[in-house]
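Engineer: Build the 3D model from these lines:
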Amino acid sequence: MSHEVPVIEGKDLRVSRGNTSILDVPYVAIKEGEVLSLIGPNGAGKTTLLQTLAHLVTPFDGHVLFRGRRVGEDMPVLSYRRALAVAFQEPLLFDTTVFANVASGLKIRGLGRSAIGDTVMEYLCLFGIAHLSDRSARSLSGGEAQRTSLARAFATKPEVIFLDEPFASLDPGSREPLVDDVRAVLKKTRTTAVLVTHDLMEALRLSDRMAVMGRGRIHQVDAPGEVMSRPADEFVASFLGAGTILTGQVEESRGDTFAVAVGDKKIESIGNLAAGETVSIYIRPENVTLSMDSGSEPSAQLTSARNVFPATVVRVTTLGFYEKIHLDCGFPLVSYVTQQSREALRLGEGRHVFASFKATAVHVVRRGPGQTGN
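Structural biologist: Modelled structure (predicted):
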């Protein structure tokens, strides 16, 4: 990634409807060549932020910079918009052929017939719809229409492309291949992109960075792995499925490790927090391993984990191919297991097991004044 001036910066962006604030973002930046995902639940402000950055929503407080130039002052809004492309959740196609739809943006930009033809066919091929070139847009399936819309947006070769939930209205059979194709086109063209999605898997597959949003605010923005493993606060942890969210107090500090008291239990983690600090603890369910209760000691396979607790199964919930196991260890804990593991361990309500997780799997965040917890 470039360390130069970001392609787009949004500063002090605020949008209200009536007396209600729906967006309050002091700063956000999109770097050259990256895919930044805006992710969060419905009503988080994701689309409002995208539209504000694209200058599709006015009026708003704050301002947008494009390569260091303030849009609307140092740079005309029209010039800014010509550097962008936008693809929406519902494809908005003209009542003409697929070829003519993809060519429309290029005609507006004044390209010659030969250049238009070459470019259109390039992007029809990239999105796997070259065979539909002469087809009427009115006869397309949902997936074909969205591929046409995306091909039209990318064909203009924008400096930044805004993708507003482009896969949300598609069935899984159409969605999965299109996500893969968009990923390939972004990689091939190195187009800077902002993606709005509420689907975590889409964000993980496509993003260089993720901005987790809630109630019009950005709670955390970082590389996907960092956001997943080190959520900034309880909102992020909950949205990303941390599974276990606890509150405790640092009781022992031993240089590079420390223990947190949660009730009458101690949970070990990596770090150097001071004794007496109140903290939040986040443990992802896929990092919790379950083993048969042998009656006294956990099995040998668990001995490498710093945290091992006798546990009772409280509830089992089926999640597709996985089972979500709710446990009572003296504190609530959640684990994911396969259906095969559930059967092998005979996991059901009241079953006694050992639950283990490594100290490196425990993410701890200092709690500020006034924070409430579980």
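
Engineer: contact partners of stretch 207-223?
Structural biologist: Under the contact criterion CB atoms under 8 Å, 6 or more residues apart in numbering, stretch 207-223 has outside partners 1, 15, 21-25, 28, 31, 34-41, 43-46, 48-49, 195, 203-204, 224, 227, 230-233, 235-236, 239-240. All C-beta atoms are positioned from the backbone trio N, CA, C, and that covers glycine.

Engineer: Domain ranges for this protein, per the record?
Structural biologist: 8-237, 241-293+304-366 (automatic domain parsing).

Engineer: mind checking the end-to-end distance for the first one?
Structural biologist: Read it as domain 8-237. Domain 8-237 has its terminal residues 28 Å apart, counting by CA to CA, to the nearest Å.

Engineer: How about stretch 37-46?
Structural biologist: Stretch 37-46: ends 9 Å apart by CA to CA.

Engineer: For it, which outside residues touch it?
Structural biologist: For stretch 37-46, using CB under 8 Å, 6+ apart, the contacting residues are 15, 22-23, 25, 49-50, 194-200, 202-203, 206-207, 209-217, 239.

Engineer: Just the buried subset of these, please.
Structural biologist: Buried members of these, counted by 16 or more other CB atoms under 10 Å: 15, 22-23, 25, 49-50, 194-200, 202-203, 206-207, 209-214, 216-217, 239.

Engineer: what about Ile270, distance to His352?
Structural biologist: 29 Å (CB to CB, to the nearest Å).

Engineer: Next one: Leu178 from Tyr336, what distance?
Structural biologist: Applying CB to CB to Leu178 and Tyr336 gives a distance of 28 Å.

Engineer: Kindly apply the preceding question to Leu319 instead.
Structural biologist: For Leu319, the distance to Tyr336 - CB to CB - is 8 Å.

Engineer: Those two: which has the busier surroundings?
Structural biologist: Neighbours were counted for Leu319 and for Tyr336 using other CB atoms under 10 Å; Tyr336 has more, 19 against 9.

Engineer: I'd like the next helix or strand past the helix or strand hosting that one.
Structural biologist: For Tyr336, the element it lies in under DSSP states H and E is strand 332-338. Going down the chain from strand 332-338, the next helix or strand is helix 339-345, by DSSP H and E.

Engineer: Can you spell out which helices and strands pack onto that following helix?
Structural biologist: Where contact means 3 or more CB pairs under 8 Å, 6 or more residues apart in numbering; DSSP states H and E, helix 339-345 is packed against strand 289-292, strand 322-328.

Engineer: Quick check: which of the ones you listed is nearest to Tyr123?
Structural biologist: Among the helices and strands packed on helix 339-345, the nearest to Tyr123 by CB to CB is strand 322-328 (38.1 Å).

Engineer: That closest one: partners in the sheet, and parallel or antiparallel?
Structural biologist: Using DSSP bridges, strand 322-328 pairs in its sheet with strand 307-319 (antiparallel), strand 332-338 (antiparallel).

Engineer: could you dump those to JSON lines with mean pLDDT and distance to Ile161?
Structural biologist: Shown next, in JSON lines, are the strands paired with strand 322-328 (pLDDT from 0 to 100; distance: least, CB to CB, whole Å):
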{"stretch": "strand 307-319", "mean pLDDT": "95", "distance to Ile161": "33"}
{"stretch": "strand 332-338", "mean pLDDT": "97", "distance to Ile161": "35"}
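
Engineer: Determine which stretch of these is the most buried.
Structural biologist: For those, the largest average neighbour count (mean count of other CB atoms under 10 Å) is found in strand 332-338, namely a mean of 20.

Engineer: For that strand, C-alpha coordinates in PDB please.
Structural biologist: Presented in PDB, the C-alpha positions along strand 332-338 are these (Å, rounded to 0.1, in the frame of the first residue of the first chain):
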ATOM      1  CA  PRO A 332     -20.400 -18.300  30.300                       C
ATOM      2  CA  LEU A 333     -18.300 -19.600  27.400                       C
ATOM      3  CA  VAL A 334     -19.200 -20.400  23.800                       C
ATOM      4  CA  SER A 335     -17.500 -23.000  21.500                       C
ATOM      5  CA  TYR A 336     -18.100 -24.100  17.900                       C
ATOM      6  CA  VAL A 337     -17.700 -27.800  17.100                       C
ATOM      7  CA  THR A 338     -18.500 -29.900  14.000                       C
END
